[in-house]
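K.L.:
3D model of this:
(one chain, ligands or ions: 2)
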Amino acid sequence: MAKIFCVANQKGGVGKTTTAVNLAAGLARIGQRVLLIDLDPQGNATMGSGVDKRQLALSVYAVLIGAATVREAATLSEACGYHVLGANRELAGAEIELVPMERREKRLKEALAEVALDYDFVLIDCPPSLSLLTLNGLCAAHGVVVPMQCEYFALEGVTDLLHTIGQVRIHLNKDLEIIGLLRVMFDPRTTLQQQVSAQLQAHFGDKVFDTVIPRNVRLAEAPSYGLPGVVFDPAAKGSQAFVAFAREMVERVGGKLPARPRPPRKSAAKKTVKTTPSA
Ligand code: ADP
Ligand code: MG
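P.N.:
Numbers count the residues shown, from 1 in each chain. Ligands and ions are numbered 1, 2, ... in the order given. All right, here's what the predicted structure looks like:
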């Protein structure tokens, strides 16, 4: 059964998308079957996985409104070794269209039931807000991975997020777990970052992942080549950290590491190119 995780943090620019694409690539590299779902209308996880958001025949939008299945809409990123259920600007409209729909927070969860056996991991890159899109992610997920920078207001931000997750647990998804807090863009030479990191560990104990993702320019450069850092430059410090993080995730959630990596399944759906007005 696929384990489903949201990469979430209500702040923008904290490293959610970088974490989602590199964790997906890291997991694929160690032999896991991965589906990455882009739930952000900006489509950065889609582009950053080598899938052109302007050329998507079907996107996560079609899945949410019930016009396509996940199998029909997901594309294999050959370069990255995982499947992508992409997003573009069209998805912003889903917010409004979902409002009158029945079970509007559960649409992604219900759509994912079909592919539960196709993948080991489903990762969901959430937008930086608590929107109906994020709620669909949190309802579908078994757990949340929270990337965060070790900055002055970090603890406050995390407390808000934990409160939100608590509310989702009460009202929508009682099994939702916080898998862990991931320290990203870390610069060990900065005293403040060391202090905040120590505070996080004191406060949240083993909910803080052991792996720390360093600030690394290769991770920031990779998206302009349409690749996760892990694929673009596997030797870079940041890429190695994400592969180590992928291993830690597998261990933490009780997954298995296959002796030999499995090739990803080819997409069954035939892709026809539809151009959206410059998404
Ligand atoms: P979010 O999805 O939370 O908005 P992103 O993953 O898009 O955040 O990251 C914001 C910016 O920070 C991007 O330009 C990204 O390339 C850069 N970035 C993220 N993680 C790192 C890192 N570990 N080292 C250097 N730059 C990073
Ligand atoms: Mg993002």
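
K.L.:
how about low-confidence regions in the stretch 1-150 of the chain?
P.N.:
For the stretch 1-150 of the chain, not a single residue meets the criterion pLDDT under 70.

K.L.:
Just the closest residue of it to ligand 2, please.
P.N.:
Closest to ligand 2 within the stretch 1-150 of the chain is T17: 3.3 Å, counting by CB to the ion. Placement of C-beta: from N, CA and C, glycine included.

K.L.:
what number of residues lie near that residue?
P.N.:
Other residues within reach of T17, judged by other CB atoms under 10 Å, total 27.

K.L.:
From ligand 1, how far off is it?
P.N.:
3 Å (CB to the nearest ligand atom, to the nearest Å).

K.L.:
which element is Y61 on?
P.N.:
Y61 belongs to helix 60-64 when assigned by DSSP states H and E.

K.L.:
how far does the helix or strand just after that helix sit from the chain's center?
P.N.:
Scanning forward in sequence from helix 60-64 by DSSP H and E, the next helix or strand is helix 70-73. Here the centre of helix 70-73 is set off from its chain's centre by 18 Å, with CA atoms, centre = their mean, to the nearest Å.

K.L.:
List the neighbouring strands of the following helix or strand past helix 70-73 plus their orientation.
P.N.:
Counting by DSSP H and E, the next helix or strand C-terminal to helix 70-73 is strand 75-77. Here strand 75-77 has these sheet partners by DSSP bridges: strand 82-85 (antiparallel).

K.L.:
got a list of contacts for the next helix or strand after the partner strand?
P.N.:
Once the chain leaves strand 82-85, the next helix or strand it forms, by DSSP H and E, is helix 90-98. With contact meaning CB atoms under 8 Å, 6 or more residues apart in numbering, helix 90-98 is reached by 39-41, 43, 59-61, 64-65, 104, 107, 131-133, 136, 276, 279.

K.L.:
ok, the spatially closest residue to the residue of the stretch 1-150 of the chain closest to ligand 2 that is not a sequence neighbour - contacts?
P.N.:
Nearest residue to T17 in three dimensions, chain neighbours excluded: N44, at 4.6 Å (CB to CB, 6 or more residues apart in numbering). Residues in contact with N44, defined by CB under 8 Å, 6+ apart, are T17, D38, D125, P223.

K.L.:
thinking again about what came up before, confirm that the residue of the stretch 1-150 of the chain closest to ligand 2 sits in a helix.
P.N.:
Yes - counting by DSSP: H, G, I helix; E, B strand; the rest coil, T17 is part of a helix.

K.L.:
quick one: buried residues of the host helix or strand of L192?
P.N.:
Assigned by DSSP H and E, L192 belongs to helix 191-204. By neighbour count on 16 or more other CB atoms under 10 Å, the buried set for helix 191-204 is Q193, V196, S197, L200, F204.

K.L.:
For the nearest residue to the third one once chain neighbours are set aside, give its distance to A113.
P.N.:
Which is S197. Spatially, and ignoring its direct neighbours in sequence, S197 is nearest to C150 (4.7 Å; CB to CB, 6+ apart). Distance, C150 to A113, using CB to CB, to the nearest Å: 38 Å.

K.L.:
just V217 next, same as before
P.N.:
Relative to A113, V217 is positioned 41 Å away (CB to CB).

K.L.:
For the residue of the stretch 101-250 of the chain found nearest ligand 1, give me its contacts.
P.N.:
Closest approach of the stretch 101-250 of the chain to ligand 1 (CB to the nearest ligand atom) occurs at A220, with a separation of 3.6 Å. Contacts for A220 (CB under 8 Å, 6+ apart) come out as T18.

K.L.:
which helices and strands sit right next to the top strand by length along the chain?
P.N.:
Ranked by residue count, the top strand of the chain under DSSP state E comes out as strand 177-186. In terms of contacts (3 or more CB pairs under 8 Å, 6 or more residues apart in numbering; DSSP states H and E), strand 177-186 is packed against helix 16-29, strand 143-148, helix 154-171, helix 191-204, strand 208-214, helix 237-252.
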